[in-house]
Structure formats: structure tokens, C-alpha cells
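Colleague: Pasted the sequence and its predicted model underneath.
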Amino acid sequence: MNLVVTEIFHSLQGEGPLLGIPSVFIRFGGCIEPLCPWCDTPYAWHDFSEMGLDEILQKVAQYGCREVVVTGGEPFLQWETGLKDLHGRLLDGGYRLVYETSGKAGVPDPPGAVVVLSPKHIGGTWHVSQTNLQRADWFKFVADDEASMEEICRFVEANTLPAEKVFIMPMGSTRADQMQRMEAVFAFCRAHGYRMTPRLHVLIFDDRQGV
Ligand code: SF4
């Protein structure tokens, strides 16, 4: 059974509720339309190769790290075609799993794992279902300008998401972009009881890939 993988690497989690934790990242290839105009990993849309489960497990094991972040692209596109099996084998191997998903595809409620869902607002529409929202442990939103923050606030309230489970991250795939939005996002989070997260790897490495 083969999965479509863009990259596997060892780093620190750079954003969200598990910020700073040393982790192995498995980035699955392929995403789902509509694609996000601000995407910071567009190479995952088309730059990938097939890997077998054993090959993936071997590569993950070489880092000697028990935290695994499954990300993309959109990883859950491959749940029924191999990811479910990989999930079971990673848990059996004693790894702790975190899934990062856009919620644009079905979210399967993976047993024994944490799901961080980042709803996408594209072309005036939120691309996530109620079912997928209910399967998430944490929510992560990308904030651009004042209008986008108001839209996030409306979405959080309309879907009664608990404020303490909501993380807001300034949009920006370069250090300069991030810094430019930091102050406004800080004030937004303080006003609404949300948590703020930077993109640590962008602040440190700017737009370098694979870190
Ligand atoms: S869902 Fe994620 S990988 Fe896909 S286009 Fe949006 S930001 Fe990029």
C-alpha cells in the first residue's frame, strides 16, 4: 500500500497548541480545491512521490522522536487509501500523533490522536462542514486584515467554538509579513479571549523550506 508523500523531516512544531515540541513531520502531497491563495506550502500540491508504509515508518524512526505531526497538503484525502493503516502502525509503535487538516475533506475522528483544524475562508465562503468541526480538538485561523478578523469572529460565534480552543496566527510566509500583522492579531486575541500563535519557523528562518 503506497501513500503520496511530499517530505518527512524533523523539526520543532512552529505553530498552534503544541508550539515548540520537537516532532517528526510527515507532509502528505495533494490538496483539495479551492486552494488557499496564501498557502505557504504550495509545493505540496504537485511535488510528491509514492512511499510504502514500511518506508515511511523507517524514515520516521530514524529521528528517534515520539511526536509525529501528520500534515499536508490535505492528509485526510488519503485516510482510506493507506493513512488509516499508517495511523494504526504509528500508534502501535508508541508514537503520539497530531493531525493538521484544513477540514476541506472528510475528517475521520482518528482514535488516539489530536486534530488541529484550520478552517479556510476563500472567495467569501468557509470551506468546512459541521461534522468536521465537531471532530477537532483545536482550531487555528489565519488572520490577515481587520475584515478577516471580523469574519473569523463571526464564524467562531456562529459555530459556538470555545474561545479557549481557538488559535489565531498572523498571515505571512515571510518574517516581514508576520511582523507586520503581529500587533493587530495580539489586540484581536486579547479582546476576544482567543490564543495567539506565531509561525515560529517563519520568524526564525524566514521563507526557508523543510525546517
Ligand atoms: S489547505 Fe493547506 S496545503 Fe491546501 S492550499 Fe490551503 S494552506 Fe495550502
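Modeller: Nice, I can see it.
Colleague: Alongside the ligand, which residues does this protein contribute?
Modeller: Within the chain, the positions near the ligand by C-beta under 6 Å from any ligand atom are 31, 35-36, 39, 41, 44, 72-74, 102, 120. Yep, even glycine has a C-beta here, placed from its N, CA and C like the rest.
Colleague: Show me which pair in the residues you listed is furthest apart.
Modeller: For the residues of the chain next to the ligand, the farthest-apart pair by C-beta to C-beta is 44 and 120; their separation is 14.6 Å.
Colleague: Dump the residues of the chain next to the ligand to CSV, plus neighbour count.
Modeller: Output for these, formatted as CSV (neighbours: other C-beta atoms under 10 Å):
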residue, neighbour count
31, 22
35, 14
36, 18
39, 16
41, 17
44, 23
72, 27
73, 28
74, 20
102, 24
120, 20
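Colleague: count of residues packed around residue 26?
Modeller: Close neighbours of residue 26, defined as other C-beta atoms under 10 Å, add up to 25.
Colleague: residues in contact with the helix or strand harbouring it?
Modeller: Assigned by DSSP states H and E, residue 26 belongs to strand 22-28. Residues outside strand 22-28 that contact it (C-beta atoms under 8 Å, 6 or more residues apart in numbering): 3-13, 41, 44, 48, 56, 60, 63, 65, 67-75, 77-78, 83, 98.
Colleague: immediately after that strand, which helix or strand?
Modeller: Next along the chain after strand 22-28, with elements defined by DSSP H and E, is strand 49-52.
Colleague: mind listing what residue 126 touches?
Modeller: Applying C-beta under 8 Å, 6+ apart, the residues near residue 126 are 119-120, 155.
Colleague: One more: residue 77?
Modeller: 28, 30-32, 105.
Colleague: and the contacts of residue 126, which of them are in strands?
Modeller: Among those, none falls in strands (DSSP state E).
Colleague: mind listing the strands for this protein?
Modeller: Under DSSP E, the chain gives strands at 2-12, 22-28, 49-52, 67-71, 96-101, 113-117, 121-122, 125-126, 138-143, 166-170, 195-196.
Colleague: Excluding chain neighbours, what is closest to residue 130?
Modeller: residue 159 (7.4 Å; C-beta to C-beta, 6 or more residues apart in numbering).
Colleague: Could you give the number of residues near the one you found?
Modeller: 14.
Colleague: Next: residue 28.
Modeller: If we define neighbours as other C-beta under 10 Å, then residue 28 has 25 of them.
Colleague: tell me which residues form a beta bridge with it?
Modeller: residue 5 (DSSP bridges).
Colleague: Then residue 168?
Modeller: residue 141, residue 196.
Colleague: That one and residue 143 touch, don't they?
Modeller: Yes: counting by C-beta atoms under 8 Å, residue 168 does reach residue 143; the two are 5.1 Å apart.
Colleague: Perfect, that will be all.
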